[in-house]
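> my questions are about this predicted structure, shown below with the sequence.
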Amino acid sequence: MDPDPLAPVRRSLEADGLARRMLDDDPIAQFRSWFAHAQEVGVHQPEAVALATVDPAGQPSVRLVLLRGVDDRGFVFFTNYDSRKGADLANGARAALDFPWHQISRQVRVEGGVQRVTPAESDAYFATRPRSSQIGAWASPQSQPITDRDELLVRVQEQEARWADRSVERPPHWGGFRLQPEAFEFWQGRDSRLHDRFRYERPAPPTAAPWQIQRLAP
């Protein structure tokens, strides 16, 4: 028995490769197709994505977040607005995403500007979170120094007492961001590191021209 259950899938995708004729003209549709495939074959947490940001001084930072929505407007994730990434993403900043589906030798990169989602969108998602996660959003001063874990647990207990007899409201410092894509890259691993890479770029506004697609050298 193969110790890696996804090895046959990975080998098949590597053998088939990626050609322009296999790509949808719409990168969002192409992403959805690849994301659905990653879910179907059992990639662990395909929604986990590396988010890269830069602060006003030019210092880069990267961390994993969870994709919570994708549509024609872009890619949505949620966080504490007072966290390091929240500060980096303030005032219409730019960012990049990388979906690292190594188990099947695939990767998707996305670049673009970032804006907060509406309060109504943040409220709607917050209401779906487990109550413990809702409490945690109030209790954790994300990215800020704390004395020890006991301090965090005390803060959790305080918030549990505060919301004991009612629904937990969304904290004003917590909500969503939407990355509005301007460029994509779809990467398919191949033998000898001769990988297949295709980049989509959107022409600058106000043009309504279709996405431009180019093959890149590995």
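That came through fine.

> ranges for the helices of this structure?
7-16, 27-41, 84-88, 119-126, 131-139, 149-162 (DSSP state H).

> what residues of the second one count as buried?
Taking 16 or more other CB atoms under 10 Å as the basis for neighbour counts, the residues of helix 27-41 that come out buried are 27-28, 30-31, 34-35, 37-38, 41. All C-beta atoms are positioned from the backbone trio N, CA, C, and that covers glycine.

> paired strands for the top strand by length along the chain, with orientation please.
Longest strand of the chain, by residue count under DSSP state E: strand 174-188. Within its sheet, strand 174-188 is paired with strand 74-80 (antiparallel), strand 106-116 (antiparallel), strand 196-201 (antiparallel), according to DSSP bridges.

> and stretch 56-75, end to end?
End-to-end distance of stretch 56-75: 23 Å, with CA to CA, to the nearest Å as the criterion.

> for the chain, give me the ranges with low pLDDT.
Residue ranges of the chain with pLDDT under 70: 1-2, 205-207.

> one more pass at 90, please.
Residues of the chain that meet the criterion pLDDT under 90 lie in 1-3, 90-93, 143, 202-209.

> before we move on, back to that, how many degrees apart are the longest strand of the chain and helix 119-126 in direction?
On the basis of axes from the mean of the first three to the mean of the last three CA atoms, to 10 degrees, strand 174-188 is oriented at 80 degrees to helix 119-126.

> mind listing what's buried in strand 174-188?
Buried, per 16+ other CB under 10 Å, within strand 174-188: 174-179, 181-188.

> can you add distance to residue 134 and give these back as JSON lines?
Shown next, in JSON lines, are the buried residues of strand 174-188 (distance: CB to CB, whole Å):
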{"residue": "174", "distance to residue 134": "9"}
{"residue": "175", "distance to residue 134": "13"}
{"residue": "176", "distance to residue 134": "15"}
{"residue": "177", "distance to residue 134": "19"}
{"residue": "178", "distance to residue 134": "21"}
{"residue": "179", "distance to residue 134": "24"}
{"residue": "181", "distance to residue 134": "30"}
{"residue": "182", "distance to residue 134": "33"}
{"residue": "183", "distance to residue 134": "35"}
{"residue": "184", "distance to residue 134": "33"}
{"residue": "185", "distance to residue 134": "36"}
{"residue": "186", "distance to residue 134": "36"}
{"residue": "187", "distance to residue 134": "36"}
{"residue": "188", "distance to residue 134": "39"}
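
> now, which of those residues sits nearest residue 128?
residue 176 (12.2 Å; CB to CB).

> so what's that closest one bridging to?
Beta-bridge partners for residue 176, by DSSP bridges, are residue 78.

> I appreciate the help and will end here.
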